[in-house]
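Q: Fold the following.
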Amino acid sequence: MEKEYAKISKAMRQLHEPDRSLLHPDAHAISLLAQAKNGTPVAAGNQIELFTNSLERSCSTLLTRLIVPKHDASYVQRVISGTLSEAEQKAIGFPWSEKMVERSRRSVGATIAACQSALKEGVAVNLAGGTHHAYRNKGSGFCVFNDAAIAARVLLKSSTGPQKIGILDLDVHQGDGTAAILQNDAAICTVSIHGEKNYPFAKASSDLDIALADGSSDTIYLEALEEALRFLSKQEIQFLIYLAGADPFEGDRLGRLTLTSEGLALRDQRVMAFVKDKGIPIAIAMAGGYANPIEDTVRIHYQTIQIACAHQHTIGVSKPLSTS
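A: Residues are numbered from 1 along each chain as shown. Now for the predicted structure:
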C-alpha cells in the first residue's frame, strides 16, 4: 500500500507544470471534468454553481488571514515562505513551490466560495478541495491546508451564517486532520466513513467514525451511510459540508472497497435527500479519486455534480455570509 502512495506522490510532482500547477492532485481528471461542463465557473441558475481554484471572491492576503485561525501561524508562515523542512515536505507528498502555495490557498478559497454560494443557492460544488489530511501544524497525504475546517469556521464567524455545521467525509481515507483540528469544537460535527486498514494508518477521532473492512460492498457501505445520517440528524446541523470522494470505487487504485458506480450514485442521492429533508444548504468538495483509467474518476465526480444539479433549488437557503 505504501508503495502505491509513493507512485501517486511521484506522479503528483509532475503536476507542477504551468498549465496544471494550480489544480487538485487529480489534476487531469478535474481538467477533463471542467471541460465536460463547458468551462468554469458555471453561473448559478438552472445549473449548480461550480468553483475551481479561483480567487474571484478573495485575495491571497485575505485567504492567509482566514487560514491562520485553524492552522498554527508558524506552520502557515513556513508554507508561504518556503522554509518547510524536508521531512515536512515528504509528509505532504510533494515538494514546496510558489505554485503549490497558491494552489493550496486557492483550494481553501474555492471551498469558502462554495459555502457562500450554497447559502444563497442551496447547493454548490468546489471541483477541488477535500484536503482533509492537513493538521493544524502540519500537512500530510497531499494536503497542505484543511479547506473544510477553515470554511466551517468562516461560516460560524458570520452573524448571518449557521450556528452548527456538519462535515460528512465520504472519501475512502479517514479525515484525520479535520477530526484533529475540530476535536474540541462543539459547533462542528465531524463524521467519516472510511477504510479500516487504509491510509492514514494512525486514525484520529471524529465525532463519528465508521471503519469498513477491505472489500466492503455497496450494501455494506449504504448501511453505514444510513447510520451516519441518523447520527447527523440528531445533531441538528444547519449546514453540511460534504466530501464526495470518488475513491470508494471498486476500480480505485487506493480504495480497497468494492463500490460500483451505481452504489456511489445511491450514496450521493441519499446525502442530497438528507439535506433536502432537513432543509439545509450543502457545499460539496470532490476529495480523492485514483482510478485507472482516470476517466472512471471523472465519471464518478461528474455523476456527483449531476445528482447535485438535480437537487438545486429544492434545498433550504440562508443569507450570504460575510468574511469581513
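Q: Could you give the secondary structure assignment for Val191?
A: Here Val191 is recorded as strand under DSSP: H, G, I helix; E, B strand; the rest coil.
Q: shouldn't Glu236 be in contact with Lys164?
A: Yes. With contacts counted by Cβ atoms under 8 Å, Glu236 reaches Lys164, the gap being 6.3 Å. All C-beta atoms are positioned from the backbone trio N, CA, C, and that covers glycine.
Q: who has more neighbours, the two?
A: Legend: neighbour count by other Cβ atoms under 10 Å for Glu236 and Lys164, higher for Lys164 (15 against 12).
Q: what's the spacing between that one and Thr297?
A: Between Lys164 and Thr297 the computed distance is 32 Å (Cβ to Cβ, to the nearest Å).
Q: And for Ile80?
A: 30 Å.
Q: So for the two, which residue has more residues nearby?
A: Per other Cβ under 10 Å, whichever of Ile80 and Thr297 has more neighbours is Thr297, with 27 against 18.
Q: which non-adjacent residue is nearest that one?
A: Among residues not flanking Thr297 along the chain, Gly289 sits closest, at 3.6 Å (Cβ to Cβ, 6 or more residues apart in numbering).
Q: tell me the contacts of the one you found?
A: Gly289 is in contact with 26, 29, 245-247, 249, 252, 297, 300-301, counting by Cβ atoms under 8 Å, 6 or more residues apart in numbering.
Q: what about it, distance to Val79?
A: 25 Å.
Q: And for Glu227?
A: Taking Cβ to Cβ, one finds Glu227 at 37 Å from Val79.
Q: now swap in Glu223 and tell me
A: In terms of Cβ to Cβ, Glu223 sits 40 Å off from Val79.
Q: So for the two, which residue has more residues nearby?
A: Just comparing Glu223 and Val79: by other Cβ under 10 Å the higher neighbour count belongs to Val79, 24 against 13.
Q: wouldn't Asp209 be in contact with Gly195 here?
A: No. Here Asp209 does not reach Gly195: they are 11.5 Å apart, not a contact under Cβ under 8 Å.
Q: what touches both of the two?
A: Joint contacts of Asp209 and Gly195 (Cβ under 8 Å, 6+ apart) do not exist.
Q: low-confidence ranges in the stretch 201-324 of the chain?
A: By pLDDT under 70, the weakly predicted segments of the stretch 201-324 of the chain are 313-324.
Q: mind listing the strands for it?
A: 208-212, 239-243, 282-285 (DSSP state E, counting those that start in this stretch).
Q: Same list (those) but as a markdown table, adding mean neighbour count and distance to Gly129.
A: Output for the strands of the stretch 201-324 of the chain, formatted as a markdown table (neighbours: other Cβ atoms under 10 Å; distance: least, Cβ to Cβ, whole Å):
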| stretch | mean neighbour count | distance to Gly129 |
| --- | --- | --- |
| strand 208-212 | 18 | 21 |
| strand 239-243 | 27 | 8 |
| strand 282-285 | 29 | 3 |
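Q: now these in JSON lines, with distance to Ala113?
A: Output for the strands of the stretch 201-324 of the chain, formatted as JSON lines (distance: least, Cβ to Cβ, whole Å):
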{"stretch": "strand 208-212", "distance to Ala113": "28"}
{"stretch": "strand 239-243", "distance to Ala113": "13"}
{"stretch": "strand 282-285", "distance to Ala113": "9"}
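Q: quick one, which of those strands is nearest to Arg153?
A: With Cβ to Cβ as the criterion, Arg153 lies closest to strand 239-243 of the strands of the stretch 201-324 of the chain, at 11.2 Å.
Q: Spatially central residue for this protein, please.
A: Nearest to the geometric centre of the chain sits Gly130, at 1.9 Å (Cα atoms, centre = their mean).
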